[in-house]
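Enquirer: The amino acid sequence is not available; the structure is as follows:
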């Protein structure tokens, strides 16, 4: 079996108009995603929705305040050629006139990440790679923005806390199958791709740390509420000395084909 991927790509997007949701989802889930998953080096990828109900329960700031969809791809080694192939396919499909997202979506945020840690629920006996393919009801996403000027000592301490305390605490909560820690890596983006796929990303002035936890059995909103109960909330609270500003804590649902009716007329927020 291949090892688990160590590089990921996260994209947040928003439909420009409520009438665009059906077309956006049909294109991405039925055309674009299958073609991406067939590319050499793309280990897996899935798309999630922040429904209006879930948006009301999220704590959001900065680039994470206004989006409908989150898309996450995982890349196998060697990641350089895998990312280049993936990026070239995006441009190829554009040249062929098969990128309706150009006119239908606004990109709120996108960036590449190193996978720095993972924790599996103690109730599961699966290796990490198998988890990428395991069905999930959705995800819990926790995003923290850290100043690029942070000392290496402080960043090291935060990283150790996430891997030693936060991930195990998340994985132990009923309804969570696994949790990953991601560290932004904008240098992984091919220059040509970066020039055409414009969106806010992570520059040298900031670092993004993203915790990505898949949910099972229960809807992700239910799992998020469980996390906010007293005992789990204590474990999930970063020590006050830890640097960084929380930009998002919320739940996203896995998108089911042809069930794209979360946004009614006049409700595109």
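Expert: Happy to help now that I have it. The model shown is predicted, which means the values in this text are computed figures rather than measured ones. Numbers count the residues shown, from 1 in each chain.
Enquirer: need the contact list for residue 192.
Expert: The contact partners of residue 192, taken as C-beta atoms under 8 Å, 6 or more residues apart in numbering, are 87, 91. For the C-beta atoms, the positions are set from N, CA and C on the backbone; glycine is no exception.
Enquirer: Can you give me the pLDDT of it?
Expert: In this model, residue 192 is scored at 83, pLDDT.
Enquirer: Also the one 10 residues further on?
Expert: At residue 202, the predicted lDDT confidence score is 55.
Enquirer: And residue 123, by the same measure?
Expert: If you check residue 123, the pLDDT there is 94.
Enquirer: Compute the number of surrounding residues for it.
Expert: By the criterion of other C-beta atoms under 10 Å, residue 123 has 11 neighbours.
Enquirer: so where's the stretch 1-150 of the chain uncertain?
Expert: Regions of the stretch 1-150 of the chain meeting the criterion pLDDT under 70 are absent.
Enquirer: Strands of that one, residue ranges please.
Expert: Ranges of strands in the stretch 1-150 of the chain, per DSSP state E, counting those that start in this stretch, are 7-15, 42-49, 59-60, 69-75, 105-120, 138-147.
Enquirer: what lines up beside the shortest one in the sheet?
Expert: It stands for strand 59-60. strand 245-254 (antiparallel) (DSSP bridges).
Enquirer: quick one: the strand it pairs with to chain centroid distance?
Expert: Computed by C-alpha atoms, centre = their mean, to the nearest Å, the separation of strand 245-254 from the middle of its chain amounts to 9 Å.
Enquirer: hmm, who's touching that strand?
Expert: 46, 48-51, 54-55, 57-64, 70, 135-146, 208, 215, 219-221, 223-224.
Enquirer: Buried among those residues? Make that a PyMOL selection.
Expert: Applying 16 or more other C-beta atoms under 10 Å to the contacts of strand 245-254, the buried members can be selected in PyMOL as follows:
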select buried, resi 46+48+49+50+51+54+55+57+58+60+62+63+64+70+136+137+138+139+140+141+142+143+144+145+146+208+215+219+220+221+223+224
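Enquirer: Apart from its neighbours in sequence, what residue is nearest residue 3?
Expert: residue 129 (6.7 Å; C-beta to C-beta, 6 or more residues apart in numbering).
Enquirer: from memory the one you found sits against residue 1, does it?
Expert: Yes: Residue 129 lies in contact with residue 1 (C-beta atoms under 8 Å); the separation is 6.2 Å.
Enquirer: neighbour-wise, which of the two wins?
Expert: In terms of neighbours (other C-beta under 10 Å), residue 129 is the more surrounded of residue 129 and residue 1; the figures are 17 against 6.
Enquirer: quick one, what contacts that one?
Expert: 1-5, 43.
Enquirer: Let's see that with 10 Å instead.
Expert: 1-5, 43-44, 74, 76, 118 (C-beta atoms under 10 Å, 6 or more residues apart in numbering).
Enquirer: ok, now residue 31?
Expert: 93, 98, 100.
Enquirer: could those residues be laid out in TSV, adding distance to residue 35 and neighbour count?
Expert: Formatted as TSV, the contacts of residue 31 follow (distance: C-beta to C-beta, whole Å; neighbours: other C-beta atoms under 10 Å):
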residue	distance to residue 35	neighbour count
93	7	16
98	9	13
100	14	16
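Enquirer: can I get the residues you listed in a markdown table with distance to residue 256?
Expert: Converted to a markdown table, the contacts of residue 31 look like this (distance: C-beta to C-beta, whole Å):
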| residue | distance to residue 256 |
| --- | --- |
| 93 | 24 |
| 98 | 23 |
| 100 | 21 |
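Enquirer: could you dump the strands of the stretch 1-150 of the chain to a markdown table with distance to residue 243?
Expert: Formatted as a markdown table, the strands of the stretch 1-150 of the chain follow (distance: least, C-beta to C-beta, whole Å):
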| stretch | distance to residue 243 |
| --- | --- |
| strand 7-15 | 21 |
| strand 42-49 | 28 |
| strand 59-60 | 18 |
| strand 69-75 | 24 |
| strand 105-120 | 16 |
| strand 138-147 | 6 |
